[in-house]
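Colleague: Let me see the structure of the following:
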Amino acid sequence: MRIKNEIEYVMRILLYLTKYGENRIVPSNEISEAEDIPHLFSLRILKKLEKAGLVKIFKGAKGGYQLTKPSQEITLRDAVETIEPIICIKDCVNDPGSCNLRRGNCALHRAFGDIQREFIKKLESRNFKELAEETYSEGTCR
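Modeller: A predicted model of the protein is given here:
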């Protein structure tokens, strides 16, 4: 399993806005340059972040982007669900009827269900404020 680049870009944009957009409106070109994301792609992601209620868009010559709420209230789950509204590691976990063999009634279904619940809990337990403090204080990431 692999996290899509688009989800990683969402996370990098939210992390950048957490670190550098606390008290100011951040232009899209600054975000895309600093995070090495193609500008047009970053604009599409920022639009999705606005639709998800995580980012506010300011239009005009001095326009840009800012988080809509404190970064400690934005979790990794919020970021993932901007792109993947339903977090599902295996179809039978969310829809047992999709399993053509045992209709979700097997050890694999239960194992995947446990893994998915733990994965979602972990995503919910991490917020962007703490990630920014960890990442930027260690100097390991932009």
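Colleague: What are the phi and psi values at residue 108?
Modeller: Dihedral angles of residue 108 (phi, psi; degrees, to the nearest 10) stand at phi -60, psi -40.
Colleague: What about it, how many residues nearby?
Modeller: 14 (other Cβ atoms under 10 Å). In this view, the C-beta of every residue, glycine as well, is placed from N, C-alpha and C.
Colleague: ok, now residue 80?
Modeller: 19.
Colleague: hmm, who's touching the strand or helix carrying it?
Modeller: Using DSSP states H and E, residue 80 maps to helix 76-83. With contact meaning Cβ atoms under 8 Å, 6 or more residues apart in numbering, helix 76-83 is reached by 3-4, 6-7, 10-11, 14, 45, 48-49, 52, 54, 87, 120, 122-124, 126-128, 131.
Colleague: Got a ChimeraX select line for the buried ones in the residues you listed?
Modeller: Here is the ChimeraX command that selects only those of the contacts of helix 76-83 that count as buried (16 or more other Cβ atoms under 10 Å):
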select :6,7,10,11,14,45,48,49,52,54,120,123,127,128,131
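Colleague: Strands - which of the contacts of helix 76-83 land there?
Modeller: Counted as lying in strands by DSSP state E, out of the contacts of helix 76-83, is not a single one.
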